[in-house]
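Student: What follows is a predicted structure for the sequence shown.
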Amino acid sequence: MNDTYKTYLESEAWAQKRNKRLGMSNFKCEACEDGECRNPLQVHHLTYARIFREEMEDLMVLCKMHHAAAEEMVEKGALSRNGNVKWLRSETLRFIAPKKKFREADKKECAPKQRVNSEYEPRRTAANLKVEKQDWPSDIFRKLCLIPEVQKALRMPYKKFKNAMKSMFRKHPSKQRIFSAIYQKHPEFEKYKRARAESRRVRREKKARIKAEYKMAHGGNSRTCQNGGIEPAKMAASAILKCP
């Protein structure tokens, strides 16, 4: 937390937003089951996408105890601050208040739907990853980031990362969509892409140079050699074919 953010939290603009958000929740913690929590109320940022110009939906009223629990989950990586705010709200409540009953509107809006109102959820793995037909690549990547093995693989070098993804999802029915969604998110993807394009360019130039030298040496005849017989022509052709 930098000094600019600390100064913002002490400003009049934040005080107005905070009071407005507290009033929208009737000065009650949204995670407490009975709604009559006696702990001091605080306003939690679900996302920092619009920091300093937050919308009311980006904020959530929590008591001091639940606010600390939510921040701890974010630090551990169990919760994210990126994504749809309705989904972030449902995930926050699922982690810090698993027994709290959701409204019918929340059940329809939060995603994925199978996580709603479940006190127990199995550990996220590559085997139980569900990719829906309507999922965009960003949605698939968000689901992948919830898998601990994928988070670990993203810190590997790019080639090792690709091998890890192939071995992890080789039997998944939507493996091609998964690969296209996650390969481009690797930090070294652009570097690898440029290196691959440069390698292809070098191979094309080398192959074109060998062909040009062969034609100049044999008078443009690509089948036989006028000066040295047919053997040099075969050797040149094999050199072209073996050129990477």
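Tutor: Yes, it's here. Numbers count the residues shown, from 1 in each chain.

Student: what residues go with each domain of this structure?
Tutor: Per the record, the chain has its domains at 1-121, 190-242, by automatic domain parsing.

Student: Considering these, which stretch scores lowest in mean pLDDT?
Tutor: Lowest mean pLDDT of these: domain 190-242, a mean of 69.

Student: Neighbours of Gln18, how many?
Tutor: Actually, residue 18 is Arg. It isn't Gln. 17 (other C-beta atoms under 10 Å). All C-beta atoms are positioned from the backbone trio N, CA, C, and that covers glycine.

Student: which element is it on?
Tutor: Applying DSSP states H and E as the criterion places Arg18 in helix 12-24.

Student: May I ask which helix or strand encompasses the residue nearest to His67 when sequence neighbours are not counted?
Tutor: In this structure, His67 finds its nearest non-sequential neighbour in Gln42, 4.5 Å apart by C-beta to C-beta, 6 or more residues apart in numbering. Per DSSP H and E, Gln42 falls inside strand 41-45.

Student: and the gap between the residue nearest to Met73 when sequence neighbours are not counted and Gln134?
Tutor: Excluding its sequence neighbours, the residue lying closest to Met73 (C-beta to C-beta, 6+ apart) is Leu79, at 4.2 Å. Distance, Leu79 to Gln134, by C-beta to C-beta, to the nearest Å: 24 Å.

Student: Out of these two, name the residue with the larger neighbour count.
Tutor: Leu79 (20 against 6).

Student: Tell me which other helices or strands the longest helix along the chain touches.
Tutor: In the chain, taking DSSP state H as the definition, the longest helix is helix 189-217. Counting by 3 or more C-beta pairs under 8 Å, 6 or more residues apart in numbering; DSSP states H and E, the packing neighbours recorded for helix 189-217 are helix 158-168, helix 230-242.

Student: List the buried residues of the shortest one.
Tutor: Yep, that's helix 158-168 we're talking about. By 16 or more other C-beta atoms under 10 Å, the buried positions in helix 158-168 come out as Tyr158, Phe161, Lys162, Ala164, Met165, Met168.

Student: Fine by me, we can end here.
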